[in-house]
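In: Provided below for reference: sequence and predicted model.
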Amino acid sequence: MIVDDILRTPGAVRDAERWTAHNYHPLPVVISSAEGAWLTDVDGRRYLDCLAGYSALNFGHRHPRLIAAAHAQLDRLTLTSRAFIHDQFADFCRELAELCGKDLVLPMNTGAEAVETGIKVARKWGYQVKGVPAGQANIVVAEGNFHGRTTTIVSFSTDEDARADFGPYTPGFTVVPYGDLDALTAAIDENTVAVLLEPIQGEQGVVVPPEGYLPGVRQVCTERNVLFIADEIQSGLGRTGATFACDHEGVVPDMYLLGKALGGGIVPVSAVAANSDVLGVLKPGQHGSTFGGNPLACAVAIEVVRLLATGEFQRRSAELGERLRAGLEGLLGKGLVAVRVRGLWAGLDIDPALMSGREACERLAERGVLAKDTHGSTIRLAPPLVITEEEIDLAVAQLAEVLAG
Ligand SMILES: Cc1ncc(COP(=O)(O)O)c(C=O)c1O
């Protein structure tokens, strides 16, 4: 029998709370090692990871090829800054550009930096190419968006938790309802330089826009000479059963914003991919990052791109996603009131009369499955793409038990 006071978890949870700002509300589990889709805590308990670092671990924990690439690079060269060129840089940019079908890549570190880069590039493009009067550029964004945490990005958030008391806010953004093409079209004026959207809204609860919306956005952007920026930081790189969520509707944006899984769950790596008529507006000294495109990041990300280039992970995500969908749809009316699934990415709305998303995640954790709530009664499932059929069945079975009370 395990005696509570010899468990290491409670003390480790207390210490973590004591020594950090409380900008997160983590589940009370303390992880010490992981492999593939499984995590082990400081007391030796094992958990199936159904969050995958918010999609930063699409290839699972410590994928052997990614770990080998990181080790090899650690033994040779870790950082140069962009003041010099290193020998991993060109391969990374070329291979990622090819995966995206674009001419150029600009590497950064975090997702928020990729979004900031996209905004800066779009504004400069607006002034220098489109001919927007100085200081007048605007960007159309969607309600319910999540693009990161910088002061500019939270300026156009519609989530009060993310936004309140962080002003004064950056001007130049128009917010329209997500999925409403007429509203988006009406918001575009002669000074609009870009439309910035998540092709599926992850933090909002895996919200898939109506069919035809993304092609419609593509068309109106082309007609009005506006850049379509797709934030695929969470939805991209295999998560939805395709390389990009935009692929499901045959849509090619002008700019892809990538992050999370690009770093293989090892290092933060983000990037903007676009053609030279867009990214070419940046000249030396106008944008940068000390760690952006560093050798370790590039070495890992090259291997990530190679894993994706075969299409194997995308296929796996599409096929296993159907099993996940079937399992979750079987719980509709049995505690779930709505289910949205694209590949191995699911948003589940729990009957609020039953329990909150937080409560459901705590109970799932007690049963050895880790997931995270978002907005009230919604849970997001985003298991690593290396998860097996049996493990999906296990996760669904545990969820069924939790919902059954
Ligand atoms: C769609 C999207 N964009 C941007 C970000 C910000 O990424 P980061 O936390 O790496 O800054 C996130 C993070 O969840 C995201 O989901």
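Out: The structure has been received and is ready for your questions.
In: and the closest residue to the ligand within the chain, what does it touch?
Out: Here the chain gets closest to the ligand at one residue, G111, 2.2 Å apart by Cβ to the nearest ligand atom. C-beta coordinates here come from the backbone N, C-alpha and C atoms, glycine included. Neighbouring residues of G111 by Cβ atoms under 8 Å, 6 or more residues apart in numbering: H147, G148, I233, Q234, L257, G259, K260, S270.
In: just checking, which of the residues you listed belong to strands?
Out: L257, S270 (DSSP state E).
In: Name the nearest of the contacts of G111 relative to W19.
Out: G148 (24.9 Å; Cβ to Cβ).
In: Settle this for me: the closest one is touching T110, isn't it.
Out: Yes - between G148 and T110 there is a contact under Cβ atoms under 8 Å: 7.3 Å.
In: what are the ranges of the helices in the stretch 51-200 of the chain?
Out: Remark: helices assigned in the stretch 51-200 of the chain by DSSP state H, counting those that start in this stretch are 52-55, 64-74, 89-100, 111-125, 151-155, 160-163, 181-187.
In: now L381, which residues is it bridged with?
Out: Beta-bridge pairing of L381 under DSSP bridges involves A346.
In: could the contacts of G111 go into JSON lines alongside pLDDT?
Out: Formatted as JSON lines, the contacts of G111 follow (pLDDT from 0 to 100):
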{"residue": "H147", "pLDDT": "98"}
{"residue": "G148", "pLDDT": "98"}
{"residue": "I233", "pLDDT": "98"}
{"residue": "Q234", "pLDDT": "98"}
{"residue": "L257", "pLDDT": "99"}
{"residue": "G259", "pLDDT": "98"}
{"residue": "K260", "pLDDT": "98"}
{"residue": "S270", "pLDDT": "99"}
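In: Neighbour count and distance to T378 for the contacts of G111 - can I get that in JSON lines?
Out: Listed next are those as JSON lines, based on neighbours: other Cβ atoms under 10 Å; distance: Cβ to Cβ, whole Å:
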{"residue": "H147", "neighbour count": "28", "distance to T378": "19"}
{"residue": "G148", "neighbour count": "22", "distance to T378": "20"}
{"residue": "I233", "neighbour count": "29", "distance to T378": "19"}
{"residue": "Q234", "neighbour count": "27", "distance to T378": "15"}
{"residue": "L257", "neighbour count": "30", "distance to T378": "24"}
{"residue": "G259", "neighbour count": "28", "distance to T378": "22"}
{"residue": "K260", "neighbour count": "28", "distance to T378": "20"}
{"residue": "S270", "neighbour count": "28", "distance to T378": "26"}
